[in-house]
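In: Need a 3D model of the sequence below.
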Amino acid sequence: MDGLTAGLIAAVPAALLGAGKLALKLVLIIVPLVTLFEVLRYHPFFRRAGRAVDPLMRGMGLSRAAAVPLFTGIFLGIAYGAGIIIRVAQEKQIPRRELFLMGLFLPTCPA
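Out: Here you go, the predicted structure:
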């Protein structure tokens, strides 16, 4: 074997170990957040918060139902927010127009 091949073969275990550690970190972050979101989703706090932000949401052309996925994305990051938006879209809770608007608005927040 030449030096390049030997170097690549030696790098594979380190790369796999790094990928495994990253996947574990993601699971340790995402699973509790999703669980917390599902538990708190029907909590009265979210209903009160939805009423409080209703004027802001109407100003953006969005319904109150879009508040939780949108603010989740703003405060917890675009990747997690996109995951919640995808879940809401699969459950068909929000019209396509509002999903489109959230998809446009969410990436501009972290920028």
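
In: helices or strands next to the longest helix belonging to the chain in the packing?
Out: Counting residues, the longest helix found in the chain (DSSP state H) is helix 3-40. The contact analysis (3 or more C-beta pairs under 8 Å, 6 or more residues apart in numbering; DSSP states H and E) places helix 3-40 against helix 78-90. C-beta here means a position set from N, CA and C on the backbone, and glycine is covered the same way.

In: Following the helix it packs on in sequence, what is the next regular element?
Out: For helix 78-90, the following helix or strand on the C-terminal side (DSSP states H and E) is helix 96-105.

In: What helices and strands are in contact with that following helix?
Out: Contact analysis of helix 96-105 by 3+ C-beta pairs under 8 Å, 6+ apart lists helix 67-76, helix 78-90 as its packing neighbours.

In: follow-up on the earlier one: the helix or strand just after the longest helix of the chain packs against which elements?
Out: Where DSSP H and E defines the elements, the next helix or strand beyond helix 3-40 is helix 44-52. Of the remaining helices and strands, those touching helix 44-52 by 3+ C-beta pairs under 8 Å, 6+ apart are helix 67-76.

In: how big is the angle separating the helix it packs on from helix 78-90?
Out: 170 degrees (axes from the mean of the first three to the mean of the last three C-alpha atoms, to 10 degrees).

In: Can you check what angle separates helix 67-76 from helix 96-105?
Out: Using the same axes, to 10 degrees: helix 67-76 against helix 96-105 is 10 degrees.
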